[in-house]
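Participant: A structural model of the following input is requested.
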Amino acid sequence: MSILSRMGRSLAPALLGASMVTAAPANAEVNVVTSIKPLELLVRAVAPEDVQVTTLVPPGSSPHNYTIRPSQRRALENADLVFWVGPDMESFLIRLLSADEFRERTIALSGEEVDGDEHEEEQGHDHGHGEGEDPHLWVDPMLGLEMARDISKALAEQEGADPNAISQKLAAFEAALSKREAAIREQLAPAREIDIFAYHSALIRFTEHYELELAGVLTLNPELSPGARHVAEVQDKLREATHPCLLTEPQFNRQWWRSITEGLDVTFSTWDPLAMDIEATGTGYLDFQQSIANAILQCLPEDTEH
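Facilitator: Numbering: from 1, shown residues only. Okay, here's the model as predicted:
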């Protein structure tokens, strides 16, 4: 079931206040595990202050090929709730989270639940890249809001939870996100005049949401270097592009993207789909959205007003 088909009811707007910023005490009453940092940011936006959050994929690693550590397995065992995007993104969790001990407390925010053995047999290690819908849902702010709604619902169902307080935090987050989204849309208006190229598909949903031109993607699968034919096609697009800008990612520090752009007039910028440098506070997801916009704004020619 698509995440878009599970639209929650809209909550009345509320002013963003200091209550959005959360700090987890050592004696937290609820233990949450998130697979990646952007999901932690969404939990922080709507969770009560007594929620402890552990994120599995650390800075510098990728959810496409991560290997879970024993200490993280113990964190999963102690978790009241486990949030992940789903089997097309964090394939390293498929078999583990399909086990009976985790099934009832695990929520795939993509809405896609799957049997571990069946999915691994079908997908291998492609992680959904290059086929079907792009799994990087969280870079689209409206899909991020849907994820926050699902997180809020799960938190409100925990023993001892205060559903009204959680609803108020969700309403504040929704209002703040709407305001930030409008500001970013205005900031990015000049970027519609340039051609943006991305390392892989993670940027697609952000550019589609803000109606930007994504002229090309270097690799359809970040686990594999692109073939010579695909590289040649990207090079041709770069030559023909208007103010081409290539957005790279710190998780995939491949030297070849420098070599394939040698001799071409290409601007480089870096963005991080895993938000590793974003502080995990109640406003972290808003800061994450702004960080993507800022990376694209770095692509604009110096004489462009922005």
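
Participant: can you pull the pLDDT of the closest residue to residue 286 other than its chain neighbours?
Facilitator: Of all residues not flanking residue 286 in the chain, residue 180 sits nearest, at 4.8 Å (Cβ to Cβ, 6 or more residues apart in numbering). Where C-beta positions appear, they are placed from N, C-alpha and C, glycine not excepted. In the predicted model, residue 180 carries a pLDDT score of 98.

Participant: count of neighbours near residue 96?
Facilitator: For residue 96, the neighbour count with other Cβ atoms under 10 Å is 17.

Participant: how near is it to residue 102?
Facilitator: According to Cβ to Cβ, to the nearest Å, residue 96 and residue 102 sit 7 Å apart.

Participant: which neighbours do these two share?
Facilitator: Contact criterion Cβ atoms under 8 Å, 6 or more residues apart in numbering; residues shared by residue 96 and residue 102: residue 76.

Participant: returning to that earlier point: count of neighbours near the residue nearest to residue 286?
Facilitator: Other residues near residue 180 number 19, with proximity taken as other Cβ under 10 Å.

Participant: ok, now which ones touch residue 56?
Facilitator: Taking Cβ under 8 Å, 6+ apart, we find residue 56 in contact with 33-36, 66, 68, 72, 75, 93.

Participant: between the residues you listed, which is nearest residue 137?
Facilitator: residue 36 (11.2 Å; Cβ to Cβ).

Participant: Could you count how many residues lie near the closest one?
Facilitator: If you count neighbours by other Cβ under 10 Å, residue 36 ends up with 24.

Participant: Am I right that it is in contact with residue 92?
Facilitator: No: the pair residue 36 / residue 92 is not scored as a contact, 11.2 Å apart, by Cβ atoms under 8 Å.

Participant: shared neighbours, the two?
Facilitator: residue 63.

Participant: For the stretch 51-200 of the chain, just list every one of the helices.
Facilitator: Applying DSSP state H, counting those that start in this stretch to the stretch 51-200 of the chain gives helices spanning 70-77, 94-97, 100-103, 116-123, 141-156, 163-187.

Participant: right, so of these, which gets closest to residue 45?
Facilitator: helix 163-187 (4.5 Å).

Participant: List the buried residues for the closest one?
Facilitator: 166-177, 180-181, 184, 187 (16 or more other Cβ atoms under 10 Å).

Participant: relative to helix 141-156, how tilted is it?
Facilitator: Going by axes from the mean of the first three to the mean of the last three Cα atoms, to 10 degrees, helix 163-187 is angled at 170 degrees with respect to helix 141-156.

Participant: The chain should start at 797 in everything you say after this.
Facilitator: Got it, the first residue is 797 from now on, which makes the last one we talked about helix 959-983.

Participant: Tell me which stretches of this protein form strands.
Facilitator: Here the chain has its strands, by DSSP state E, at 826-830, 847-851, 877-880, 902-904, 992-994, 1010-1013, 1041-1044, 1063-1066.

Participant: Generate a markdown table for these, with mean pLDDT, distance to residue 954 and mean neighbour count as supplementary columns.
Facilitator: Formatted as a markdown table, the strands of the chain follow (pLDDT from 0 to 100; distance: least, Cβ to Cβ, whole Å; neighbours: other Cβ atoms under 10 Å):
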| stretch | mean pLDDT | distance to residue 954 | mean neighbour count |
| --- | --- | --- | --- |
| strand 826-830 | 97 | 6 | 23 |
| strand 847-851 | 96 | 9 | 21 |
| strand 877-880 | 98 | 7 | 23 |
| strand 902-904 | 97 | 12 | 20 |
| strand 992-994 | 93 | 38 | 25 |
| strand 1010-1013 | 90 | 39 | 18 |
| strand 1041-1044 | 92 | 38 | 24 |
| strand 1063-1066 | 92 | 38 | 15 |
